[in-house]
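Undergrad: Quick one, fold the following:
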Amino acid sequence: MGEAEELRKAVELARRIAREAERDPFYSELEKLGGALGSGETRVPGSEIVLNRSYCADNAMRTTRRTGAVPPIVTVIIIVASVVAAALAAYFIYATTARGVRQVSLTVIGQPTLYAAEGGGVELRVTFKNDGTADVDLGGSIVVIQTKDKTAVQFGNASVATGSGNLTLAPGDSVALKYTANATLDRFPDGALATLQTKDGYQISFAVAKP
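TA: Okay, the predicted model is just below:
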């Protein structure tokens, strides 16, 4: 039984060496030089492999399994991809935070007042200030004012009331605007509720007075 076990080990080792030779050009060259694989002891120039002892007599010919190395170009690609991914993540976080911080905040300065317009109709004069962190466009905005009978009248045609100004307010800017409507002044109570609506969907409510 001992000799059969030794023979089995020798055959298994021979098969393993044969598989290595198929994968590694080094062994293929040895085979060309005369190193034949057999069932007994195999000799190649400068080395002696004793199969039945599973021992390699020549330490210089002892082989180790080669491990695959990552090519330099692959390493460079991985580094570049990591840097790009980190930059995109940082930009996304910054953009999201900036959008969350930049907000519109309009306030009314003074007392908005309704006047009877020359040639008929009603005129609303109101001053807005942008206390937010984003620009706000008042061009095309409207103001809806509640009447005495609980209906609503829409004021439009926004324009600068006095002097020069810009309908797009940067943070910290203010402007006095004028809105007009085809109505009569007596339809509105003193302190009527008014609501500004911008074309971007921003809204702010305030009370209006009569002279």
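Undergrad: Please count neighbours and contacts with C-alpha atoms only from this point.
TA: Noted.
Undergrad: so what are the domain limits for this protein?
TA: Domain ranges of the chain: 2-61, 69-101, 106-208, per automatic domain parsing.
Undergrad: Going by mean pLDDT, which of these comes out lowest?
TA: Looking at the domains of the chain, the lowest mean pLDDT belongs to domain 2-61 (a mean of 51).
Undergrad: contact partners of the longest strand that the chain contains?
TA: Using DSSP state E, we find that the single longest strand of the chain is strand 106-116. When contacts are defined by CA atoms under 8 Å, 6 or more residues apart in numbering, strand 106-116 is touched by residues 122-132, 184-185, 204, 206-211.
Undergrad: Which element is encountered next along the chain beyond it?
TA: Sequence order places strand 122-130 as the next helix or strand after strand 106-116, per DSSP states H and E.
Undergrad: Each with direction, which strands does that next one pair with?
TA: Strand 122-130 has the following strand partners under DSSP bridges: strand 106-116 (antiparallel), strand 174-181 (antiparallel).
Undergrad: quick one: which of those is nearest Thr162?
TA: Set against Thr162 and scored by CA to CA, the strands paired with strand 122-130 come closest in strand 174-181, at 6.7 Å.
Undergrad: Next secondary structure after that closest one?
TA: The helix or strand immediately downstream of strand 174-181 is strand 192-197, counting by DSSP H and E.
Undergrad: List the neighbouring strands of that next one plus their orientation.
TA: The strands beside strand 192-197 in its sheet (DSSP bridges) come out as strand 142-146 (antiparallel), strand 203-208 (antiparallel).
Undergrad: Comparing these, which comes out most buried?
TA: Most buried of those by mean neighbour count (mean count of other CA atoms under 10 Å) is strand 142-146; its value is a mean of 21.
Undergrad: Other residues contacting it?
TA: With CA under 8 Å, 6+ apart as the test, strand 142-146 has contacts from 152-158, 179, 188, 192-198.
Undergrad: Any of the residues you listed buried? List them.
TA: Applying 16 or more other CA atoms under 10 Å to these, the neighbour count classes 153-156, 158, 179, 188, 192-198 as buried.
Undergrad: which of those residues lies closest to Thr75?
TA: Among these, Thr198 lies closest to Thr75 (CA to CA), at 53.6 Å.
Undergrad: Please enumerate the helices of the protein.
TA: With DSSP state H, the ranges of helices along the chain come out as 2-23, 25-32, 72-101.
Undergrad: dump the residue contacts of Phe188.
TA: 146-148.
Undergrad: Leaving out chain neighbours, which residue sits closest to Ala194?
TA: Ile145 (4.3 Å; CA to CA, 6 or more residues apart in numbering).
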